[in-house]
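**Q** predicted model and sequence follow; I will ask about them next.
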Amino acid sequence: MPAFATKADRDQLVIDRLTATFGDKVLAHERQYDLLCLTVRKDAIHEVFAFLKDQLDFNFLTTLCGMHYAERDALGLVAHLHSFRNGHRIRVKTETPLKDPVFPTFTDLWPTSNWMEREAFDFFGIRFTGHPDLRRILNMEDFPAFPLRKDYPLEDPTREDKDDSFFGR
Amino acid sequence: MSEQSKNPSKPGRPATELVRPDYWQHDVVPGGDHRELNTLNLGPTHPATHGIFQNVLTMDGEYIQSAQQTIGYIHRAFEKLAERRPFYQITTLTDRLNYCSSPINNMGWHMTVEKLCGIELPKRVEYMRVVVMELSRIADHIICNSVIGVDTGALTGFTYVFQWREKLYDIFEEICGARLTTNMGRIGGFERNFSEKAWTMIRAFVAEFPKALKEFENLLVRNRIFMDRTINCGPFPADRALAYGFTGPNLRACGVDYDVRVMDPYSSYQDFDFIIPVGQNGDTYDRFMVREREMWESLSIIRQALEKLDKMPDKKTFRAEVPTWVLPPKEEVYNEMEALIWHFKIVMGETDVPVGEVYHCVEGGNGELGFYLVSDGGRTPARLHFRRPCYIYYQAYPEMIKGTMLSDAILTMSSMNVIAGELDA
């Protein structure tokens, strides 16, 4: 890829290479604002990350964070990858049912994913198989819930003085 | 590089430095029965750690074998709180991330929402933001650098430059009314134009601070004691730094020229001419020097911005024309129906936002500060994730201090500029 390639060219290259290698395991790709966003099947996520890192130069894991999709009872992972060489960022998403919140660890690819995975475990209850030290990180160890899930109330639900249901959303 | 990565804790140890005691001479075999390891609890509150972090160190005499980190002592659940707050109220949460440079966080957040809503800012507002962000970068870096001085035993520099941070905070106070947790600016620009007094104070700072900074540098940069103390203290090779997700001055000290302001310019940074200072060994001295150089670059950027602002005929614009986000003036609210409606709608968080996901990052005091915002069109974000540079690079700390002495570990931590607010969010 020449150095003067546009962002759209780079996006297209990533899409082409990934679909050629993984076929329908790449479920969707779209451009959201300035980023290419890929949705990948859960069982291929580790291979896709390894491929992006080794073959397509995405050397830098910017973020990895958990998500809770309450409307479809699923937990998700969202990663932002950055290729310093090409000045190119992408977003990769994957999902798993709430009943089976397990992903492979990515610490073998990027050591920095260690604490990001611990954060996802702490707040969403996502487990990472093969993680060297999967403990809670910001909350106390005997915290009884996964607080960033949508069903965890922010405040004491019996309080009435802070109800803002008037506003309809 | 490959040589360094084999033994990341000690690349290029100079011959003059004290070498580790040799166990063989003392009949103690490493890992054998005679070896005595101590556990040392560094923290959670310790005057030398400048914040609340706990490190349980396993010590072999004076040398650190391993460290067990505990963080989260001031965790305030910002990501959860953000899911119940209208967009403009989240600015106050970002203040409390890296509280040494709050305006950068504020403006990073505003830019994220502006990206989501497609708000374009006038050039004048972008330059004003650049001025404020670079001032706060200086405020961040002088604290970090002077604290490195304190931890090496030189208190003078710290007390000397602290008054300059006070002057910066006076400027922030003049602009927005607050000093530390600034809550500066609004989505779409600023809440009011900078006063004449604020401009005068900024110009005075840019004119007078270089002299003080030079004096501060004279105190430490070529000081033999300081150099002996910091060179080769807590070095980290570039490949490990990248693997650990380092950004900002800590990554640049390792020799990687990654700066968000240049890689993904925001707020018209592409209009300015500045260099990215890089180090070589990624040790405490390099981190100190990178921050030092960055302050000079920041001063140069502010000067360029002031020059550009002077050339503009427009002296009045301080926000984009977005009535859906910026509160109307009070006299209009009291007298005009339309303004009253907008005032009410903005305060109640009833501004319509598009459905979508954005990631926006700015070069914070410590590196790439990112905001991943998922909007479902509601009055609050559906999910907001902060990429806090401290949180990401602090996990490399055990690897950085392995095999070094305790006092070097203290210096390494202060030169990494780990800010508890940003670490624990």
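**A** Done, it's in.

**Q** and the helices in the stretch 151-300 of chain B?
**A** Using DSSP state H, counting those that start in this stretch, the helices found in the stretch 151-300 of chain B span residues B:155-176, B:196-220, B:224-230, B:238-243, B:248-253, B:260-263, B:284-311.

**Q** ok, now which ones touch the residue in the stretch 101-250 of chain B that chain A sits nearest to?
**A** When distances are taken as Cβ to the nearest Cβ, the stretch 101-250 of chain B reaches nearest to chain A at B:G245, 3.3 Å away. C-betas here are computed from N, CA, C, even on glycine. Listed by Cβ atoms under 8 Å, 6 or more residues apart in numbering or on different chains, the contact set of B:G245 reads A:F60, A:L61, A:T62, A:W110, A:T112, B:I392, B:Y393.

**Q** so which residues of chain A form strands?
**A** Assigned by DSSP state E, the strands in chain A fall at A:26-32, A:35-40, A:60-69, A:74-83, A:88-97, A:102-104, A:127-129.

**Q** buried ones in the first one?
**A** If you call a residue buried by 16 or more other Cβ atoms under 10 Å in any protein chain shown, then strand A:26-32 has these buried ones: A:V26, A:H29.

**Q** point out the most buried one among the helices of the stretch 151-300 of chain B.
**A** Mean neighbours per residue, mean count of other Cβ atoms under 10 Å in any protein chain shown, is largest over these for helix B:248-253, with a mean of 29.

**Q** so what touches that one?
**A** B:141, B:236, B:238, B:241-242, B:258-259, B:276-279, B:281-283, B:286-287, B:289-291, B:294, B:363-368, B:389, B:393, B:416-417.

**Q** what about 6 Å?
**A** The contact list for helix B:248-253, computed with Cβ atoms under 6 Å, 6 or more residues apart in numbering or on different chains, reads B:241, B:258, B:278-279, B:282, B:286-287, B:290-291, B:366-367, B:389, B:393, B:416.

**Q** what would the helices of the stretch 151-300 of chain B look like in JSON lines with mean pLDDT?
**A** Shown next, in JSON lines, are the helices of the stretch 151-300 of chain B (pLDDT from 0 to 100):
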{"stretch": "helix B:155-176", "mean pLDDT": "93"}
{"stretch": "helix B:196-220", "mean pLDDT": "95"}
{"stretch": "helix B:224-230", "mean pLDDT": "92"}
{"stretch": "helix B:238-243", "mean pLDDT": "94"}
{"stretch": "helix B:248-253", "mean pLDDT": "94"}
{"stretch": "helix B:260-263", "mean pLDDT": "92"}
{"stretch": "helix B:284-311", "mean pLDDT": "95"}
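
**Q** for stretch B:64-82, give the mean pLDDT please.
**A** Taken as a whole, stretch B:64-82 carries a mean pLDDT of 91.

**Q** give me the distance between it and the centre of its chain.
**A** Mean C-alpha position of stretch B:64-82 versus that of the full chain (Cα atoms, centre = their mean, to the nearest Å) differs by 17 Å.

**Q** got the buried residues for it?
**A** For stretch B:64-82, by 16+ other Cβ under 10 Å, it's B:64, B:66-67, B:71-73, B:75, B:77-82.

**Q** looking at the residues you listed, which is nearest B:M133?
**A** Checking these against B:M133 by Cβ to Cβ gives B:F78 as the nearest, at 20.7 Å.

**Q** give the contact list for that closest one.
**A** Contacts of B:F78 (Cβ under 6 Å, 6+ apart): B:L93, B:A425.

**Q** and the gap between it and B:S414?
**A** For B:F78, the distance to B:S414 (Cβ to Cβ, to the nearest Å) stands at 25 Å.

**Q** quick one on the thing from earlier: got the strands of chain A as a markdown table, with mean pLDDT and distance to B:V113 columns?
**A** Putting those into a markdown table (pLDDT from 0 to 100; distance: least, Cβ to Cβ, whole Å) gives the following:
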| stretch | mean pLDDT | distance to B:V113 |
| --- | --- | --- |
| strand A:26-32 | 90 | 15 |
| strand A:35-40 | 93 | 16 |
| strand A:60-69 | 94 | 18 |
| strand A:74-83 | 94 | 18 |
| strand A:88-97 | 94 | 18 |
| strand A:102-104 | 95 | 30 |
| strand A:127-129 | 94 | 32 |
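
**Q** to B:P381, which of those lies closest?
**A** strand A:60-69 (12.1 Å).

**Q** for the closest one, packing partners?
**A** strand A:74-83, helix A:113-124 (3 or more Cβ pairs under 6 Å, 6 or more residues apart in numbering or on different chains; DSSP states H and E).

**Q** I'd like to know how far the spatially most central residue of chain A sits from B:V374.
**A** Nearest residue to the geometric centre of chain A (Cα atoms, centre = their mean): A:V78, 1.8 Å. Separation of A:V78 from B:V374 (Cβ to Cβ): 8 Å.

**Q** for A:F49, same thing?
**A** Counting by Cβ to Cβ, the gap from A:F49 to B:V374 is 21 Å.

**Q** same question for B:Q280.
**A** Distance, B:Q280 to B:V374, using Cβ to Cβ: 40 Å.

**Q** and the two? Which one has more around it.
**A** B:V374 (18 against 14; other Cβ atoms under 10 Å in any protein chain shown).

**Q** OK, contacts around residue 42?
**A** Since you didn't name a chain, this refers to chain A. With the criterion set at Cβ under 6 Å, 6+ apart, A:K42 makes contact with A:T94, A:T96.

**Q** that was the other one, I meant chain B.
**A** Counted by Cβ under 6 Å, 6+ apart, B:L42 has contacts B:N55, B:L57.

**Q** isn't B:N98 up against B:I419?
**A** Yes: if you go by Cβ atoms under 6 Å, B:N98 and B:I419 touch, sitting 4.9 Å apart.

**Q** what does the model give B:K315 for pLDDT?
**A** On the pLDDT scale, B:K315 is placed at 90.

**Q** ok, A:L64 to A:T107 distance?
**A** 10 Å.

**Q** so what sits against both of those two?
**A** A:S113.

**Q** how many residues are close by the spatially closest residue to B:M405 that is not a sequence neighbour?
**A** Excluding its sequence neighbours, the residue lying closest to B:M405 (Cβ to Cβ, 6 or more residues apart in numbering or on different chains) is B:E62, at 5.0 Å. The local packing of B:E62 (other Cβ under 10 Å) involves 13 other residues.

**Q** B:E62 touches B:T404, doesn't it?
**A** No: the pair B:E62 / B:T404 is not scored as a contact, 9.4 Å apart, by Cβ under 6 Å.
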